[in-house]
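Trainee: Fold the following and give me the result.
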Amino acid sequence: MKYKTLGRTGIQVSEICLGTMTWGTQNSEAEAHGQMNYAVDQGINFFDTAELYPVTPAGPETRGLTEDYIGTWLKASGKREDIIVATKVTGPGRPYIRNGSPASPKTMREALDISLKRLQTDYIDLYQMHWPNRGHYHFRQSWTYDPSRQDTNATRDDLLAIHETLAAFVKEGKVRHVGLCNDTAWGTMTMLALAEKHGLPRIASIQNEYNFLYRSFDLDLAEVSHHENVGLLAYSPLAAGLLSGKYLNGARPKGSRLTINGDLGGRYTEHQEPAVAAYAALAETYGLDLAQMQLAFSLTRPFMTSVIIGATTMEQLKTDIGAKDVTLSADVLAGIAKLHKMYPAPI
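Mentor: Numbering: from 1, shown residues only. The predicted structure is shown next:
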């Protein structure tokens, strides 16, 4: 396993991060513990979760179970000091989480204290804003995204209040470092500027989606990452399972996410099928597993700090982690570049 520095924190995190959002619905507590044990044995020292999880499906009955399962594992294993734990505070729009209210100093403190209790720890290594209050273009919202409706001064004031709250958490020792999720180049740069101006903790990372079918990070955010040392933590690297190839030709494997979350968060459209089929054919041509080809490609990106994998079976987990040992040839990389031009935005 290779390790990368998380922003400018000095913390070394495994280039593959164990994602957890199926634990509590698709995976039992025992299965979650088994995944953590195997991942650690393979050199993974980085777990990512959120107060919202699980999300397969999401709902009030299961919210928080994923953090609970990590907490019981941390207590039983005695490995808290060995693991970098990342979690997130929810943004607006979920009625069953603080009545769908936006993130604020009050709601953030409530969320943090509950997460700490669930995780059975005194501190969180990386505390992330799950999505911004002002809106964003992620979660298939790029087609209607319109930032012209944002009030600039009010938005800056909101970001400052959020950042000052995060700073208070760091000062209290409850959080070590802070990060963003589902954010933009402007949002990231504004938070960096606020940190410098007001002496607040620096944003260490940004967690956005990245895979063959969704590569918006290659543009402005790649530049931000390069110049500001804010690396990507890539979620949905297999596009919710599309890039495993298991949904090709209309297949719906029993118990899979597609049978639970309908359209895979807007990813399962008519446009993705030819793109996935083309990437699958490329992988087959060179004797590669499609999922491993995608994960190995993500690991080559210069802005990548860690790729967040997720699995519901040990077989899937072993395949995903095995991508760390896959080296893509120049011909494979050229084939990927050609397909990206043919299918630039299929989801």
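
Trainee: Residues contacting the helix or strand in which residue 76 is found, please?
Mentor: Here residue 76 is covered by helix 65-77, with elements defined by DSSP states H and E. Outside helix 65-77, the residues that touch it by CB atoms under 8 Å, 6 or more residues apart in numbering are 20-21, 23-25, 29, 32-33, 36-37, 40, 47, 49-51, 53-54, 80, 83, 85, 87, 115, 118-121. Any C-beta I mention is one placed from the backbone N, CA and C, and that applies to glycine too.

Trainee: Off-centre distance for it?
Mentor: Computed by CA atoms, centre = their mean, to the nearest Å, the chain-centroid distance of helix 65-77 equals 19 Å.

Trainee: tilt between the helix or strand following that helix and helix 65-77?
Mentor: Later in the chain than helix 65-77, the nearest helix or strand by DSSP H and E is strand 84-89. Between the axes of strand 84-89 and helix 65-77, defined by axes from the mean of the first three to the mean of the last three CA atoms, to 10 degrees, the angle is 150 degrees.

Trainee: Helices of the stretch 1-150 of the chain, residue ranges please.
Mentor: In the stretch 1-150 of the chain, the helices defined using DSSP state H, counting those that start in this stretch lie at 29-41, 65-77, 105-119.

Trainee: returning to what we had before: and the helix holding residue 76, what's its mean pLDDT?
Mentor: The pLDDT scores in helix 65-77 average 98.

Trainee: Now it: buried residues?
Mentor: 65, 66, 67, 68, 69, 70, 71, 72, 73, 74 (16 or more other CB atoms under 10 Å).

Trainee: can I get those in a markdown table with distance to residue 59?
Mentor: Output for those, formatted as a markdown table (distance: CB to CB, whole Å):
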| residue | distance to residue 59 |
| --- | --- |
| 65 | 11 |
| 66 | 13 |
| 67 | 15 |
| 68 | 15 |
| 69 | 16 |
| 70 | 19 |
| 71 | 20 |
| 72 | 21 |
| 73 | 23 |
| 74 | 25 |
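
Trainee: which pair in those spans the largest distance?
Mentor: Pairwise distances across the buried residues of helix 65-77 peak at 14.9 Å for 65 and 74 (criterion: CB to CB).
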